[in-house]
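S.K.: with the input below, show me the fold.
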Amino acid sequence: MLDVYRTMDMLIIKMSTQTSLSTLKSSSLINCLRQELDVFINYSIHYCYMDDFTYQCQTKIIFGKGTENQVGKETKKIGKKVLFHYGMGSIKKSGLYDKVINSLKKAGVDYIELPGVVPNPRLSMVNEGIKFCRENDIDSILAVGGGSAIDSAKAIAMGVCYEGDVWDFFSKHTPIEKVLPIGVILTLPASGSEASTATVITNEKEHRKLSAINNLLRPKFAIMNPELTFTLPKFQTSCGVADMMAHIIERYFTNTPHVDLTDKLCEATLKSIVKNARLVMKDPNNYDHRAEIMWAGTIAHEGILGTGREEDWSSHKIEHELSAFYDVTHGAGLAVIIPAWMKYVYKHDVKRFVQYAKKVWGINSGDDEEVALKGIDSTKNFFKEIGLPTTLKELGIDDKRLEEMAKQCVKKWDVGNFVKFDANDVLKIYELALD
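M.R.: This is a model prediction of the structure:
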């Protein structure tokens, strides 16, 4: 606290040399002093050095062509009877389903199927899966698909080992003590759930979309063959790009100082995503570009980019209400919310937004505020370039339920760390995103 008082003295001396004592007592200068002290306290007391951290990612990554044929061998290491969990049938059309079945049979792994996962995975499916696992003595889960299948599998894995309501982990933050082991074949790079500590589930009855986080939720293995992404529609590819970029942005905009290394890792990963997303849009069957995107999606959310720094996650929470109320594709919702969030908060730390604009988008002309705003515009324009919506109206959302969503967003948990939000702040961001 001594440093705070020294700073106060220094500010008063500085201001008194520039103006009369009577002017110094004016409300505007006092307010200025208070603002300066708020900034100092925020940075110097709470964020005076890189945060302490423990980092461990135990997920085995098996990356490359034909790697899906190893699924039987890898699954046998984590269980004897597996729940094979996937979506609405695209893996059958692509031939991946047959490869998985053949590999499981060859390895002598007993399996039972549970298809039907949809985007914004539902609590009802999770509860069905929990019951199914218990009735059939399932000891492990194999998720094949994108983040929805993986998140659904994670929630089932938690619920099987818990006597209460699985929604407790999401709505009450009940500690997670045990989960069934999970394996993954990734077909849609986006959520990073193939190696992350998180799962996100939608309670369709309550219009709530919430997350649960624990290191136990990291899959034991993740099989990643970029060839499996060749047939993805452009919109799904673009939504995945927006999601992985958002995972980095949520970490990049921090109040923690002395995070130069992870700043540069974030910037490099963002630049790689932007570059290769543009190339994939032109040449969707290019293995190298797809591989860069797939690996970037994992790096964006497996945790290393957030080591030693406070993370934000307000944009995700704000978007989750769009998905919960309107069943919006998560990446599309983020493409709308991220630029609006940036516009709302950039003055909190203009220098960081200048750094983002310069390092990620190569913008160097103009004063600090101009550069910061150009960086925000570049983000929005990139989302437009790859075919994503950037306004709520493009998502078919009007202003009728904005206030309701804003109130629900802040109902139980804090929203934001870079800047703390109340319901009014969230509402203003929705309004900025309208059109």
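
S.K.: so what touches stretch 247-261?
M.R.: For stretch 247-261, the surrounding residues in contact (CB atoms under 8 Å, 6 or more residues apart in numbering) are 42-43, 46-51, 192, 262-263, 266-267, 269-270, 273, 300-301, 305-306, 308-316, 338, 345, 349, 352-353, 356, 417-418. (Glycine included, C-beta is placed from N, CA and C.)

S.K.: likewise for stretch 388-405?
M.R.: Under the contact criterion CB under 8 Å, 6+ apart, stretch 388-405 has outside partners 235, 238-239, 242, 321-322, 325-326, 328, 331-333, 335-336, 339, 380, 383-384, 423, 426-427, 430-431, 433-435.

S.K.: if we use 7 Å, what do you get?
M.R.: Identification of contacts with stretch 388-405 by CB atoms under 7 Å, 6 or more residues apart in numbering yields 238-239, 242, 321-322, 325-326, 328, 332, 335-336, 339, 380, 383-384, 427, 430-431, 433-435.

S.K.: try stretch 306-317
M.R.: Contact with stretch 306-317 is made by 50-51, 53, 55, 246, 250-251, 253-256, 259, 262, 334, 337-338, 341, 409, 415-418, 421, as judged by CB under 7 Å, 6+ apart.

S.K.: just the helices in the stretch 1-150 of the chain please.
M.R.: Applying DSSP state H, counting those that start in this stretch to the stretch 1-150 of the chain gives helices spanning 2-16, 21-24, 27-40, 71-76, 90-94, 96-107, 123-135, 147-160.

S.K.: for the residue most central in space within the chain, phi and psi?
M.R.: Compute the mean C-alpha point of the chain, and by CA atoms, centre = their mean the closest residue is His247, 3.8 Å away. Per-residue torsions, His247: phi -60, psi -40 (degrees, to the nearest 10).

S.K.: state the distance from it to Gly303.
M.R.: Using CB to CB, to the nearest Å, His247 is found at 10 Å from Gly303.

S.K.: likewise Val360?
M.R.: Val360 is 21 Å from Gly303, where distance means CB to CB.

S.K.: neighbours of Thr54, just the number please.
M.R.: Burial measure for Thr54: 6 neighbouring residues, criterion other CB atoms under 10 Å.

S.K.: let me see the contact set for Gln166.
M.R.: Wrong residue type there; residue 166 is Val, not Gln. Contact analysis of Val166 by CB under 7 Å, 6+ apart lists Val126, Asn127, Ile130, Ala155, Met158, Gly159.

S.K.: do the same with Ala423
M.R.: Ala406, Lys407, Val410.

S.K.: cool, and Leu322?
M.R.: Val328, Gly333, Ile397.

S.K.: 10 Å instead?
M.R.: By CB atoms under 10 Å, 6 or more residues apart in numbering, the contact set of Leu322 is 120, 209, 328-330, 332-334, 336-337, 392, 395, 397, 401, 405, 430, 433.

S.K.: got the domain boundaries for the protein?
M.R.: As given by automatic domain parsing, the domain ranges for the chain are 2-45, 60-229, 234-433.

S.K.: any chance of those domains in TSV, with mean pLDDT too?
M.R.: Listed next are the domains of the chain as TSV, based on pLDDT from 0 to 100:
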stretch	mean pLDDT
domain 2-45	52
domain 60-229	97
domain 234-433	97
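
S.K.: just to revisit the earlier point, what about Val360 and Gly303, which has more around it?
M.R.: Legend: neighbour count by other CB under 10 Å for Val360 and Gly303, higher for Val360 (24 against 21).

S.K.: which elements pack onto the strand or helix carrying Asn381?
M.R.: Asn381 belongs to helix 368-385 when assigned by DSSP states H and E. Secondary-structure packing of helix 368-385 (3 or more CB pairs under 10 Å, 6 or more residues apart in numbering; DSSP states H and E): helix 234-252, helix 260-282, helix 330-345, helix 350-361.

S.K.: in TSV: those, plus distance to Phe221.
M.R.: Below are the helices and strands packed on helix 368-385 laid out as TSV (distance: least, CB to CB, whole Å):
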stretch	distance to Phe221
helix 234-252	20
helix 260-282	23
helix 330-345	24
helix 350-361	32
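
S.K.: what separates the nearest residue to Pro189 once chain neighbours are set aside from Tyr252, distance-wise?
M.R.: Nearest non-adjacent residue to Pro189, counting by CB to CB, 6 or more residues apart in numbering: Gly297, 3.6 Å away. Using CB to CB, Gly297 is found at 16 Å from Tyr252.

S.K.: who's more crowded, those two?
M.R.: Neighbours per residue, other CB under 10 Å: of Gly297 and Tyr252, the larger number sits with Gly297, 31 against 27.

S.K.: could I get the helix or strand harbouring the more buried one in PDB with only the CA atoms?
M.R.: Using DSSP H and E, the element containing Gly297 is helix 287-301. Output of helix 287-301 as PDB, limited to C-alpha atoms (Å, rounded to 0.1, in the frame of the first residue of the first chain):
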ATOM      1  CA  TYR A 287      -3.900 -30.800 -46.500                       C
ATOM      2  CA  ASP A 288      -1.300 -28.300 -45.300                       C
ATOM      3  CA  HIS A 289      -3.800 -25.500 -44.800                       C
ATOM      4  CA  ARG A 290      -6.300 -27.700 -43.100                       C
ATOM      5  CA  ALA A 291      -3.500 -29.100 -40.900                       C
ATOM      6  CA  GLU A 292      -2.500 -25.600 -39.800                       C
ATOM      7  CA  ILE A 293      -6.100 -24.800 -38.900                       C
ATOM      8  CA  MET A 294      -6.700 -28.100 -37.000                       C
ATOM      9  CA  TRP A 295      -3.500 -27.800 -34.900                       C
ATOM     10  CA  ALA A 296      -4.200 -24.100 -34.200                       C
ATOM     11  CA  GLY A 297      -7.600 -24.900 -32.900                       C
ATOM     12  CA  THR A 298      -6.100 -27.300 -30.300                       C
ATOM     13  CA  ILE A 299      -3.300 -24.900 -29.300                       C
ATOM     14  CA  ALA A 300      -5.900 -22.100 -28.900                       C
ATOM     15  CA  HIS A 301      -7.700 -23.800 -26.100                       C
END
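
S.K.: tell me what angle that helix forms with helix 260-282.
M.R.: Angle of helix 287-301 versus helix 260-282, following axes from the mean of the first three to the mean of the last three CA atoms, to 10 degrees, is 140 degrees.

S.K.: which secondary structure elements does helix 287-301 contact?
M.R.: Using 3+ CB pairs under 10 Å, 6+ apart, helix 287-301 is in contact with strand 60-63, strand 182-186, strand 221-224, helix 234-252, helix 260-282.
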